[in-house]
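> here's a sequence, model it:
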Amino acid sequence: MQRLSYVLFPVALSGCVLFFDDGGQTPCLEDTRGGAEVQAALRNPEALTCESFGGGCNEQCGPCPAETAFAPIPSWGICGSSCEGLGETDCAARADCRVVKDARCMISLDCATDFIGCFPTDNFTVPDVDCHAARDGFTCSQSNACTALHTNDPCPAAGALDAPCPRPFALCIPEGTSPGRCFDEVLCDRVAPSCPEGTVPGVENGCYTDACIPKDLCEQAL
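This is a model prediction of the structure:
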């Protein structure tokens, strides 16, 4: 039995891609669950990189390797959306956009700007996300009221020079607020948040901010 070629041939049919067997004679039609939009690169909220989804193998053309089975398509925003390229103020004013900032800059307070960029929210938004409690980039991306803080360290030397540089998610805070700092003195009687292992409560203006800062992002102790 002939195996399916992995070359995809786009056709002018919504939601479909033509697959050809190795002889190139018999076209097989496969539903790609979304058509052209499925093929568009999506913005991974954990690393801010673009990832492509879609394609696969049509069993009607022959046995499919297990690794070509369709996986669920994430609900992430699309790369190249109208959010990207906006400044911080314009980004904050858009319901479908979210502000992303540099975690180290916000905590150390030693950068000219802490703004990394404007990115689309997830396609399935949740209006009541507790930003401080969001421990992953996906949850943080589900509300434009949350600002995701990512690390913005230099790219590793290994790999292609033009490869996108991942910016790992660090923590989530309400838009327009600060996570505070790790070693500032606590002067008020507010109860510290219960932070996961490896993080410390942020402090700003003598009180806890409810943010939990990863220890490796803390400012230098005086």
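
> show me the shaky parts of this structure.
1-39, 54-71, 156-164, 222 (pLDDT under 70).

> mind listing what the nearest residue in space to A40 that is not next to it in sequence touches?
Distances taken as Cβ to Cβ, 6 or more residues apart in numbering put I78 closest to A40, at 5.2 Å, once the chain neighbours are dropped. The C-beta positions use only the backbone N, C-alpha and C, and glycine is treated the same way. Taking Cβ atoms under 8 Å, 6 or more residues apart in numbering, we find I78 in contact with 37, 40-43, 120.

> of those residues, buried ones?
40, 42-43, 120 (16 or more other Cβ atoms under 10 Å).

> what ranges does this structure have for its helices?
36-39, 88-93, 103-108, 137-140 (DSSP state H).

> tabulate those helices in TSV, adding columns for distance to G206.
Converted to TSV, the helices of the chain look like this (distance: least, Cβ to Cβ, whole Å):
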stretch	distance to G206
helix 36-39	49
helix 88-93	27
helix 103-108	17
helix 137-140	27
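
> tell me which of the ones you listed sits nearest to E51.
E51 sits nearest to helix 36-39 of all these, at 11.8 Å, using Cβ to Cβ.

> from T139, how far off is P201?
Computed as Cβ to Cβ, to the nearest Å, the P201 to T139 distance reads 20 Å.

> please disregard the earlier target; I meant F119.
With Cβ to Cβ as the criterion, F119 and T139 are 15 Å apart.

> ditto for G180
21 Å.

> likewise for C105?
Counting by Cβ to Cβ, the gap from C105 to T139 is 22 Å.

> please apply the same query to T89.
Taking Cβ to Cβ, one finds T89 at 25 Å from T139.

> of the two, who's got more company?
Taking neighbours as other Cβ atoms under 10 Å, T89 and T139 compare with T139 leading, 20 against 10.

> give me every residue that touches the nearest residue to that one once chain neighbours are set aside.
Residue nearest to T139 in three dimensions, not counting chain neighbours: V129, with 6.4 Å by Cβ to Cβ, 6+ apart. By Cβ under 8 Å, 6+ apart, the residues touching V129 are 139-140, 142-143, 145-146.
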